[in-house]
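Enquirer: sequence first, then the predicted structure:
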Amino acid sequence: MARSVASGPVEDVPAADVQLAPATSGRFPLLAPLRGRDFALLLGGNAVALAGDQFQAVALAVLALALTDSALVLGLLLTVQAVPRALLLLLGGVLADRYRPCTLLVATNTVQGGLVGAVALAMACRRQ
């Protein structure tokens, strides 16, 4: 049975049975992780989600300004967005140490989706 070795010597396996990991000596070695389908999907999904988060932040600020025409309300909205993020960073680190990353990612994205849906529902009810 052949074993793959990423680095370091393997003492209990004869040298003839050891297969070294393929070298990334291509033209763009930094793009080598994108050859893995799962990682490429994860990276692409995160890029889309991050872009969506930024669009949402801008849209919410524009919406608050359009609805109230008040710089004070806009400033309060931005503060209400920033303060919990700063305070929950430490809690997020503790949770990341205690729970599986996949479970934490699904839970936080579900909560975020619910909050975005609540804002959309509130806007839909307001316009009727």
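Expert: Received it, and whenever you're ready, just let me know what you need.

Enquirer: C-alpha only now, for contacts and for neighbours.
Expert: Noted.

Enquirer: what strand or helix carries residue 78?
Expert: According to DSSP states H and E, residue 78 maps onto helix 71-98.

Enquirer: please enumerate the helices of the chain.
Expert: With DSSP state H, the ranges of helices along the chain come out as 37-68, 71-98, 101-127.

Enquirer: what residue ranges in this protein score low on pLDDT?
Expert: In the predicted model of the chain, residues 1-25, 128 satisfy pLDDT under 70.

Enquirer: change it to 80
Expert: Across the chain, the ranges flagged by pLDDT under 80 are 1-26, 127-128.

Enquirer: possible to save the helices of the chain as a markdown table with distance to residue 28?
Expert: Output for the helices of the chain, formatted as a markdown table (distance: least, C-alpha to C-alpha, whole Å):
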| stretch | distance to residue 28 |
| --- | --- |
| helix 37-68 | 15 |
| helix 71-98 | 32 |
| helix 101-127 | 29 |
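
Enquirer: can you put these in CSV and add mean neighbour count and distance to residue 27?
Expert: Below are these laid out as CSV (neighbours: other C-alpha atoms under 10 Å; distance: least, C-alpha to C-alpha, whole Å):
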stretch, mean neighbour count, distance to residue 27
helix 37-68, 13, 18
helix 71-98, 12, 36
helix 101-127, 11, 33
